[in-house]
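A.B. asks: The following comprises the amino acid sequence and a computationally predicted model.
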Amino acid sequence: MKKKIKSYVVVPVLLIIYTVVMAIVSLPRYRRTGNWGEYVLIVSASLIASVVLYFVLKKKQKIRDNFK
């Protein structure tokens with residue numbers, strides 16, 4: 001029996017992976033400029049948006065399942 005990965009899990013996980021990769025890539029630039037407030041704000045906002053997206057998509061899927 002194959003277990004299907006839910007889309008409400010895949011999309012936020014991909015966004016979190018993207019955020020982490022972009023944070024690592026942009027780290028040297030922010031290290032040179034010393035603008036840590038902007039760096040932390042952007043990374044944390046992206047991670048929070050991914051978590052909120054997970055819960056919104058999960059609730060939307062639950063509503064869809066109830067109507068089936």
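C.D. replies: Looks like it came in fine. Numbering: from 1, shown residues only.
A.B. asks: where are the low-confidence patches of this structure?
C.D. replies: By pLDDT under 70, the weakly predicted segments of the chain are 1-2.
A.B. asks: Nearest residue to Leu57 in space, ignoring adjacent ones along the chain?
C.D. replies: Nearest residue to Leu57, sequence neighbours excluded (Cβ to Cβ, 6 or more residues apart in numbering): Tyr8, at 3.5 Å. Bear in mind the C-beta positions are built from the backbone N, C-alpha and C, glycine included.
A.B. asks: could you point out which element follows the strand or helix carrying that neighbour?
C.D. replies: In this assignment (DSSP states H and E), Tyr8 forms part of helix 7-33. Using DSSP H and E, the next helix or strand after helix 7-33 towards the C-terminus is helix 36-67.
A.B. asks: Distance of the one residue sitting closest to the centre of the chain relative to Ala23?
C.D. replies: The centre of the chain sits closest to Ser50, judged by Cα atoms, centre = their mean, with a distance of 3.0 Å. Using Cβ to Cβ, to the nearest Å, Ser50 is found at 13 Å from Ala23.
A.B. asks: ditto for Ala45
C.D. replies: Taken as Cβ to Cβ, the span from Ala45 to Ala23 is 12 Å.
A.B. asks: swap in Arg32?
C.D. replies: 15 Å.
A.B. asks: Tell me which of these two has more neighbours.
C.D. replies: Neighbours per residue (other Cβ atoms under 10 Å) separate Arg32 from Ala23, with Ala23 holding more: 17 against 8.
A.B. asks: separation between that one and Asp65?
C.D. replies: For Ala23, the distance to Asp65 - Cβ to Cβ - is 35 Å.
A.B. asks: Kindly report the same for Asn35.
C.D. replies: 45 Å.
A.B. asks: With Lys58 instead?
C.D. replies: Remark: distance between Lys58 and Asp65 (Cβ to Cβ) = 11 Å.
A.B. asks: right, and the secondary structure at Ile5 would be what?
C.D. replies: Going by DSSP: H, G, I helix; E, B strand; the rest coil, the secondary structure assigned to Ile5 is coil.
A.B. asks: what's the burial count for it?
C.D. replies: Neighbours of Ile5 using other Cβ under 10 Å come to 9.
A.B. asks: For it, give me phi and psi.
C.D. replies: Ile5 has phi and psi values of phi -80, psi 130 when expressed as degrees, to the nearest 10.
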